[in-house]
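Participant: starting from these lines, generate the structure:
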Amino acid sequence: TAVEIANRMCQTTISWIFAGAAVDDSIEALIGKIQDANPNVRRIVSLDAASKCELLRSADCLLMPSRFVHEAAPLVVLEAMSHGVVPVTSRQGAMPEMVGDAGIVCDSIEDFVNALTKLALDRVELDRLSGLSIERWQCTYSGQIFEERVRQVLACF
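Facilitator: Modelled structure (predicted):
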């Protein structure tokens, strides 16, 4: 899905970085084709923790168009939010709840294209959502908040 979105937006000046291992060789081949056709596409197969943080610090948006009905809560969305990266996700699993009003939840490829186009053109909105992403992470998902929640659960036993 991400490759299809990037392909539809290949005429924009958006820079794309496909990071992480592909699910299978056919996906890797699709990424290779779009990379050959678009100079704004980069491929990073593996990242160590420091490289991942550096990549997130330089990013504006995280595109997470999962098609898995039981997606749960992908850690990468929280990692992005902690860096002020605006999550643009599908409506799978816990992602809508994770993102809340700090990002954009999409239902179709067209929704993703529209959301990314809007954020690319409207820096004020991008900055607003970036601030909300950091705030939501700090108030809901930070290590301190997680520790407090675990202590509350353990206090019941």
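Participant: what is Val86 paired to in the beta sheet?
Facilitator: Following DSSP bridges, Val86 is listed with bridge partners Cys61.
Participant: and Cys156, what pLDDT?
Facilitator: For Cys156, the model assigns a pLDDT of 85.
Participant: also Ala22?
Facilitator: Note for Ala22: predicted pLDDT of 78.
Participant: enumerate every residue touching it.
Facilitator: 28, 31 (C-beta atoms under 8 Å, 6 or more residues apart in numbering). For every residue, glycine as well, the C-beta is placed using N, CA and C.
Participant: all helices of the chain, in order?
Facilitator: Remark: helices assigned in the chain by DSSP state H are 2-8, 25-37, 49-58, 75-82, 95-99, 109-121, 123-136, 143-155.
Participant: select, out of those helices, the one closest to Ala19.
Facilitator: Ala19 lies closest to helix 49-58 among the helices of the chain, at 6.4 Å (C-beta to C-beta).
Participant: now the angle from the closest one to helix 75-82?
Facilitator: Our comparison of helix 49-58 with helix 75-82, counting by axes from the mean of the first three to the mean of the last three C-alpha atoms, to 10 degrees, yields an angle of 50 degrees.
Participant: distance from helix 49-58 to the middle of the chain?
Facilitator: 13 Å (C-alpha atoms, centre = their mean, to the nearest Å).
Participant: so which elements touch that helix?
Facilitator: When contacts are defined as 3 or more C-beta pairs under 8 Å, 6 or more residues apart in numbering; DSSP states H and E, helix 49-58 packs onto strand 16-19, helix 75-82.
Participant: try 10 Å this time
Facilitator: Judged by 3 or more C-beta pairs under 10 Å, 6 or more residues apart in numbering; DSSP states H and E, helix 49-58 is in contact with strand 16-19, strand 41-44, helix 75-82.
Participant: could I get these as a markdown table with mean neighbour count?
Facilitator: A markdown table is the format used below for these (neighbours: other C-beta atoms under 10 Å):
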| stretch | mean neighbour count |
| --- | --- |
| strand 16-19 | 18 |
| strand 41-44 | 15 |
| helix 75-82 | 20 |
